[in-house]
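A.B. asks: predicted structure and sequence below. I'll ask about it afterward.
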Amino acid sequence: MHGTVPGVSLPTVYAALEVLADLGLAARVHAGRAVRYDPRAQPHHHLVCTVCGAVEDLDADVELGPAVAAARDLGAEAYGAEITVRGRCAACAG
């Protein structure tokens, strides 16, 4: 459930989230056209529901080094990677 804080605007909330992400205290999760903020800043993967937009953490050991290396081979300054699984969440699939 989302709460409200009188006198705090939505742009202020998003600016604070951006600062937290820049400091490494939160992670940006690109869920389609929207950006969500995850309080779990440690590297991990996500499931993004294509129906309701829910984002869930996925704990999976996946070797991402080759993807980062391939990006560097293209001249990019790649520093990390993550996997985003897209599909229907359990609630939408059921």
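C.D. replies: Okay, I see it.
A.B. asks: just the CA atoms of stretch 17-26, as PDB, please.
C.D. replies: Taking Å, rounded to 0.1, in the frame of the first residue of the first chain, the C-alpha atoms of stretch 17-26 are listed here in PDB:
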ATOM      1  CA  LEU A  17      15.500   8.000  -5.300                       C
ATOM      2  CA  GLU A  18      17.900   9.200  -8.000                       C
ATOM      3  CA  VAL A  19      20.400  10.300  -5.300                       C
ATOM      4  CA  LEU A  20      20.100   7.000  -3.500                       C
ATOM      5  CA  ALA A  21      20.700   5.100  -6.700                       C
ATOM      6  CA  ASP A  22      23.700   7.300  -7.600                       C
ATOM      7  CA  LEU A  23      25.100   6.600  -4.100                       C
ATOM      8  CA  GLY A  24      24.700   2.800  -4.600                       C
ATOM      9  CA  LEU A  25      22.000   2.600  -1.900                       C
ATOM     10  CA  ALA A  26      19.300   1.600  -4.300                       C
END
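A.B. asks: identify the residues contacting it?
C.D. replies: With C-beta atoms under 8 Å, 6 or more residues apart in numbering as the test, stretch 17-26 has contacts from A27, R28, Y37, D38, P39, A41. Placement of C-beta: from N, CA and C, glycine included.
A.B. asks: can you tell me the closest non-neighbouring residue to the fourth one?
C.D. replies: Read that as D38. A27 (4.4 Å; C-beta to C-beta, 6 or more residues apart in numbering).
A.B. asks: how near is that neighbour to H45?
C.D. replies: Note on A27: its distance to H45, by C-beta to C-beta, to the nearest Å, is 11 Å.
A.B. asks: residues contacting the residue most central in space within the chain?
C.D. replies: Taking C-alpha atoms, centre = their mean, the centroid of the chain lies closest to V29, which sits 1.6 Å from it. By C-beta under 8 Å, 6+ apart, V29 lies in contact with V35, R36, Y37, D38, H46, V48, V55, T84.
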